[in-house]
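Colleague: Predicted model and sequence follow; I will ask about them next.
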Amino acid sequence: SQTIHQWPATLVQPVGSPLSLECTVEGTSNPNLYWYRQAAGRGLQLLFYSVGIGQISSEVPQNLSASRPQDRQFILSSKKLLLSDSGFYLCAWSGGLAGVGAGELFFGEGSRLTVL
Amino acid sequence: SQKIEQNSEALNIQEGKTATLTCNYTNYSPAYLQWYRQDPGRGPVFLLLIRENEKEKRKERLKVTFDTTLKQSLFHITASQPADSATYLCALDDQAGTALIFGKGTTLSVSS
């Protein structure tokens, strides 16, 4: 069966510090991978998605970046965190839906980031 | 761009009643629509997917309808239980069909 792992679960970082969140998927190959952010009182915001190794699409211009160095690994990074980067970060994968769309998403447990 | 509105931020009902949540979208009509459940501090969990050619879909106590003319989906939980208390999210594909965009969700509270 497929599983998704995301870490760290919680982190507190000072403004201006770097960030690295990692996500790996097991039990499937060539998944679509996604990073979402959920800020307090706001909905899920799509940050990045990837349909293959080295292929990253950015939805929101910001000081975050994403990389996909391996088929089932997705990394979210920042060189210098801002206060506004605080939130609940969720990684997800999907197998697509027969060429029609993204299909059902499977989410990780999330990473709670607090920037002070 | 597509916009999704879940027009109730919070819904409070009594145990045993039917909860009805609404999802409205603007612009293009999606090929399908999804509903997810999210518990506090956890990632969303997929519940149901309904295609544009399906009027209604059921799964145990859950029922989803999809009206492409009204650009609306209704999500029903019958015989609701306190364990159904959670935030429910509506989701659609973006126009490129590569990622899901989500509504802000409706937080359901079922009291015993």
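Modeller: Cool, got the structure.

Colleague: So which residues on chain B come close to chain A?
Modeller: Residues of chain B found near chain A (C-beta under 8 Å from any C-beta of the partner chain) are B:30-32, B:34, B:36, B:41-46, B:49, B:89, B:91, B:93-94, B:97-105. (Each C-beta comes from the backbone N, C-alpha and C, glycine too.)

Colleague: Could I have the buried ones of these as PyMOL selection syntax?
Modeller: Buried subset of the residues of chain B next to chain A, written as a PyMOL selection, criterion 16 or more other C-beta atoms under 10 Å in any protein chain shown:
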select buried, chain B and resi 30+32+34+36+42+43+44+46+49+89+91+93+94+98+99+100+101+102+103+104+105
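
Colleague: strands paired with the helix-or-strand element of chain A with minimal mean pLDDT, and their directions?
Modeller: Using mean pLDDT, DSSP states H and E, strand A:55-58 stands out as the lowest-scoring helix or strand of chain A, at a mean of 90. According to DSSP bridges, strand A:55-58 forms sheet pairs with strand A:44-52 (antiparallel).

Colleague: Please report the distance of B:Ser109 from B:Lys59.
Modeller: According to C-beta to C-beta, to the nearest Å, B:Ser109 and B:Lys59 sit 22 Å apart.

Colleague: Please say which of the two ends up with more neighbours.
Modeller: B:Ser109 (14 against 10; other C-beta atoms under 10 Å in any protein chain shown).

Colleague: give me every residue that touches that one.
Modeller: When the contact criterion is C-beta atoms under 8 Å, 6 or more residues apart in numbering or on different chains, the partners of B:Ser109 are B:10-13, B:85.

Colleague: Dig out what it forms beta bridges with.
Modeller: Beta-bridge partners recorded for B:Ser109 (DSSP bridges): B:Asn12.

Colleague: before we move on, what SS does the residue of chain B found nearest chain A have?
Modeller: Closest to chain A within chain B is B:Gly43: 3.1 Å, counting by C-beta to the nearest C-beta. Counting by DSSP: H, G, I helix; E, B strand; the rest coil, the backbone at B:Gly43 sits in coil.
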